[in-house]
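J.: Structure, please.
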Amino acid sequence: MSQNSMLAMILAGGRGSRLHDLTNKVAKPAVAYGGKYRIVDFPLSNCANSGIDVVGVLTQYESIELNSYVAAGGRWGLDTQDSGVYVLPPREKADANLDVYRGTADAISQNIDFIDSFSPEYLLILSGDHIYKMNYSKMLAYHKEHKADATIAVIPVPIKEASRFGIMNTDEADRIVEFEEKPANPKSNLASMGIYIFTWKTLRKLLIADVKKTDSSHDFGKDIIPALLAEGKGVFAYKFEGYWKDVGTIDSLWEANMDLLNPDNALDLSDPTWKIYTEDVIALPQYIGANASISNAYVTQGCVISGEVRNSVLFTNSKVGEGAKVIDSVLMPGAVVEDGATVIRALVANDITVGKNAVVGSADSEHIELVAKKVKGAE
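T.: Below you'll find the predicted structure:
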């Protein structure tokens, strides 16, 4: 265990249905982001950088690729004698047909024995589908300072968007006095980031009690946090300052990639003091053709560009042919835009080809077009 006696559990079992075809065969946390990363790289790297050396990753839907990916703990320096990344699929049948967790709290309840085997004093619970950098050891120091039973990381959001989130209402001392799940008329704009620190002894008792409740949703937001508040426990809001993005939709995933093109981007993936570790993919350097035109682009290794790329993000081994145009778009790993094709305000999925002279997307579209099937070239 780490010097902080805190173990981390990453909830990486979301279905990710709003990402449509991107998550048909791949778990949401395994979806690619930022040229060469995967979404799950962020919580895992944050754990490694924060000095947390034991991490459980709770998976369920389409988890084969995710399981094999996170099991290689060496990518994050979590493969020593005293550290490790543990893949934890569901162990109990929640219903007759599916081996799934009934809720976020149930995912932890099913793994009480695993957690107990490390005898942690504190438990950090993380969502596996957000893009951000965060020092969890600072949050733990805050938790200890306030002698809290639970500490919830929050971030201010525009009040008009607050109804999309779990909202924390606090007093002057940042003690949470009320939790509202997606309220129609929010009283504050402090949104839960899905990052919790619990004193394990307190949480363990609540989880055991919750398992026995037939009317419970077995969810942290709907059941566990309200139970703590009802008992008058110390629940505090930890205000996070920095970049944080929920990439649960095609539009938000596209936006998070586009944010990398901003020179003042707060995420700063090149920061040597807080590295985001990922798989080391073997690929050739970028090749920029004699007739290529590139402006405000994020181009990763292995890319071959012979056409025009403007205000776009190109992932590993993507290709843009002669006379092709990629504008305000994201090409995921292995995507190919053939000669003369045009891609505008679109996200082209892994290994998908846009055929010669084809046109996808529109500069006037309200939403980003997902290209997840081969586009036949124009004759």
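J.: who touches A32 in this structure?
T.: R38, F315, M332, P333, N350 (Cβ atoms under 8 Å, 6 or more residues apart in numbering). The way it works is simple: take the backbone N, C-alpha and C, and place the C-beta from them, glycine included.
J.: Which element, helix or strand, includes I115?
T.: helix 112-116 (DSSP states H and E).
J.: So, low pLDDT: which residues of the chain?
T.: Across the chain, the ranges flagged by pLDDT under 70 are 1-4, 13-18, 62, 81, 92-99, 379.
J.: What is the longest helix seen in it packed up against?
T.: In the chain, with assignment by DSSP state H, the single longest helix is helix 200-211. Applying 3 or more Cβ pairs under 8 Å, 6 or more residues apart in numbering; DSSP states H and E, we find helix 200-211 packed against helix 104-109, helix 112-116, strand 122-127, helix 225-230.
J.: With mean neighbour count and distance to T199 as extra columns, can I get the ones you listed in JSON lines?
T.: Rendered in JSON lines, the data for the helices and strands packed on helix 200-211 read as follows (neighbours: other Cβ atoms under 10 Å; distance: least, Cβ to Cβ, whole Å):
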{"stretch": "helix 104-109", "mean neighbour count": "24", "distance to T199": "14"}
{"stretch": "helix 112-116", "mean neighbour count": "14", "distance to T199": "13"}
{"stretch": "strand 122-127", "mean neighbour count": "24", "distance to T199": "6"}
{"stretch": "helix 225-230", "mean neighbour count": "17", "distance to T199": "10"}
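J.: Which residues are in contact with E181?
T.: Taking Cβ under 8 Å, 6+ apart, one finds G166, I167, G221, K222 in contact with E181.
J.: burial of the nearest residue to Y298 once chain neighbours are set aside, as a residue count?
T.: The spatial neighbour of Y298 that comes closest, neighbours along the chain excluded (Cβ to Cβ, 6 or more residues apart in numbering), is V313 at 4.4 Å. By other Cβ atoms under 10 Å, 27 other residues sit near V313.
J.: Who is V313 paired with across the strands?
T.: Residues in a beta bridge with V313, per DSSP bridges, are Y298, V330.
J.: ok, now how distant is it from D21?
T.: Using Cβ to Cβ, to the nearest Å, V313 is found at 19 Å from D21.
J.: swap in Y142?
T.: 40 Å.
J.: Neighbour count: those two, which is higher?
T.: Using other Cβ under 10 Å as the criterion, Y142 and D21 rank with Y142 on top: 18 against 14.
J.: give the contact list for the more buried one.
T.: A148, T151, F236, Y238.
J.: What are the phi and psi values at the third one?
T.: Dihedral angles of F236 (phi, psi; degrees, to the nearest 10) stand at phi -120, psi 150.
J.: Over to the second one?
T.: With angles defined as degrees, to the nearest 10, T151 shows backbone torsions of phi -130, psi 130.
J.: residues contacting it?
T.: T151 sits in contact with M139, Y142, H143, Y196, I197, V235, F236, A237, Y238, where contact means Cβ under 8 Å, 6+ apart.
J.: In helices, which of these fall?
T.: Filtering the contacts of T151 for helices - DSSP H - leaves M139, Y142, H143.
J.: Looking at the residues you listed, which is nearest D171?
T.: D171 has its nearest neighbour among the ones in helices among the contacts of T151 in Y142, at 16.0 Å by Cβ to Cβ.
J.: follow-up on the earlier one: dump the helices and strands packed on helix 200-211 to CSV, plus distance to S68.
T.: Formatted as CSV, these follow (distance: least, Cβ to Cβ, whole Å):
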stretch, distance to S68
helix 104-109, 20
helix 112-116, 20
strand 122-127, 20
helix 225-230, 33
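J.: Among these, which comes closest to G34?
T.: strand 122-127 (17.6 Å).
J.: What strands line up against the closest one, and which way round?
T.: Strand 122-127 has these strand partners (DSSP bridges): strand 6-11 (parallel), strand 190-199 (antiparallel).
J.: got the ones you listed as a markdown table, with mean neighbour count columns?
T.: A markdown table is the format used below for these (neighbours: other Cβ atoms under 10 Å):
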| stretch | mean neighbour count |
| --- | --- |
| strand 6-11 | 25 |
| strand 190-199 | 23 |
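J.: With distance to A346 as new columns, can those be given to me in CSV?
T.: Below are the strands paired with strand 122-127 laid out as CSV (distance: least, Cβ to Cβ, whole Å):
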stretch, distance to A346
strand 6-11, 30
strand 190-199, 29
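J.: Minimum distance to P158: which of those has it?
T.: The nearest among these, by Cβ to Cβ, is strand 190-199 at 9.9 Å.
J.: what angle separates the closest one from helix 200-211?
T.: Relative orientation of strand 190-199 versus helix 200-211 (axes from the mean of the first three to the mean of the last three Cα atoms, to 10 degrees): 110 degrees.
J.: now strand 190-199: how far from the chain's centre is it?
T.: 15 Å (Cα atoms, centre = their mean, to the nearest Å).
J.: repeat for stretch 285-293
T.: The answer for stretch 285-293 is 32 Å, by Cα atoms, centre = their mean.
J.: So what would you say the end-to-end distance of it is?
T.: One end of stretch 285-293 to the other measures 17 Å (Cα to Cα, to the nearest Å).
J.: List the residues that contact T316.
T.: G35, K36, V281, A283, T300, Q301, G302, C303, P333, G334.
J.: Between those, identify the one with the most neighbours.
T.: Highest neighbour count within those, by other Cβ under 10 Å: C303, with 25 neighbours.
J.: wait, what's in contact with that residue?
T.: So C303 contacts Q286, Y287, L314, T316, N317, S318, K319, V320 (Cβ under 8 Å, 6+ apart).
J.: No further queries at this time; thank you.
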